[in-house]
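Engineer: can you look at this prediction? I've put the sequence above it.
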2 protein chains.
Amino acid sequence: MKPVPTYRLDDQIGYVLRRVTQRHLAIFSEAIPEVTTTQFAVLARLAEVGPQSQNHLGRATAMDAATIKGVVDRLAKLDFVATSADPDDRRRLTVSLTDAGTALFRGRTQTALAVSDLTLEPLSDAERLMLMALLSRLT
Amino acid sequence: MKPVPTYRLDDQIGYVLRRVTQRHLAIFSEAIPEVTTTQFAVLARLAEVGPQSQNHLGRATAMDAATIKGVVDRLAKLDFVATSADPDDRRRLTVSLTDAGTALFRGRTQTALAVSDLTLEPLSDAERLMLMALLSRLT
DNA sequence: CCGAGATCGTTTGTATAGCAACAAGGTTGC
DNA sequence: GCAACCTTGTTGCTATACAAACGATCTCGG
């Protein structure tokens, strides 16, 4: 007999990842409607490490050059970040948090932590640690 | 002292999920360039349960009505699925696999399983089971 | 039988996300 | 000092995703 491979969609890591991500995004956008998860990641990184060139910021938040441009443009339109020319390198665009961006990030930090918590709610503390450790190794 | 909440982006479940998903998508598109993960999910579901109405197919693959429409349209343009009117319900559009769609799914099933395997490669067998079990509970 | 409400599919708008190509500006080797 | 190469940012293209609004159709209660 020819071996018939069984492919169960529900058991595939990619499909499960997509569904978990969907649930997480829903929780996030309900709790923090002002910005998206991606935009919040940029604010968080800027708060953490300070002003960055646009491309560098993209690498620091796992986005390619085209993606980070769009995210920065939208954050700038919302007045959460500002861009300025780099005097030492005329190609570079330095991105920094505005006062409103800083205020938003500080004001929403606890909520964002609660969102992560809510996403992991079905798991015990030990299970959460285990999951995060395993997932981190798949990066 | 005011309590300063520490928010480490790299420790947030949403950010880790995004990065793991990115790696998975890269592995998939290298191995199976003909279709995307989402499109493959639709082919897999159709192969599993047979022809479905478009909206029902969307629910069975975790996509809303607008998303499944785009996916079905692109798969139809590639001649991997075909749509036909439902004689019993004039609102419904029945989606089914074409011969080419069936052939593609059958021909790529082993590769798709290998993609899942490759995504989980950094983990031991026991760890993979643990991860999948934990992730499934976050759906 | 009929009207209220639900379902189905479509369209529009916004936001990632990645690829490819490109121009302008830096850097390095020789 | 300059040619080859790399980096930076931009643009265009394709593909999810979800929300909101819409018309057509179906179902079900009374």
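Structural biologist: Alright, I've got the coordinates.
Engineer: quick one: residues contacting the residue lying closest to A:Tyr15 once chain neighbours are set aside.
Structural biologist: Closest residue in space to A:Tyr15, ignoring its immediate chain neighbours: A:Leu9 at 5.4 Å, by C-beta to C-beta, 6 or more residues apart in numbering or on different chains. To be clear about C-beta, it is placed using only N, CA and C from the backbone, and glycine gets the same treatment. A:Leu9 makes contact with A:Tyr15, B:Ala41, B:Ala44, B:Arg45, B:Glu48, B:Thr61, according to C-beta atoms under 8 Å, 6 or more residues apart in numbering or on different chains.
Engineer: what's the angle between whichever helix or strand A:Ala133 is part of and helix B:125-136?
Structural biologist: Per DSSP states H and E: A:Ala133 is located in helix A:125-136. Helix A:125-136 and helix B:125-136 are oriented at 110 degrees to each other (axes from the mean of the first three to the mean of the last three C-alpha atoms, to 10 degrees).
Engineer: A:Lys77: neighbour count?
Structural biologist: Neighbours of A:Lys77 under the rule other C-beta atoms under 10 Å in any protein chain shown: 9.
Engineer: pLDDT at it, what is it?
Structural biologist: With respect to pLDDT, A:Lys77 has a value of 95.
Engineer: state which helix of chain A is the longest.
Structural biologist: Assignment by DSSP state H gives helix A:99-119 as the longest helix of chain A.
Engineer: which residues does that one contact?
Structural biologist: Residues from elsewhere that reach helix A:99-119, judged by C-beta under 8 Å, 6+ apart: A:20, A:23-24, A:27-28, A:31-32, A:34-35, A:40, A:43-44, A:46-47, A:75, A:79-81, A:97, B:5, B:7, B:12-14, B:138.
Engineer: just the buried ones out of the residues you listed, please.
Structural biologist: Among those, those that count as buried by neighbour count (16 or more other C-beta atoms under 10 Å in any protein chain shown) are A:20, A:24, A:27-28, A:32, A:35, A:40, A:43-44, A:46-47, A:75, A:80-81, A:97, B:7, B:12-14, B:138.
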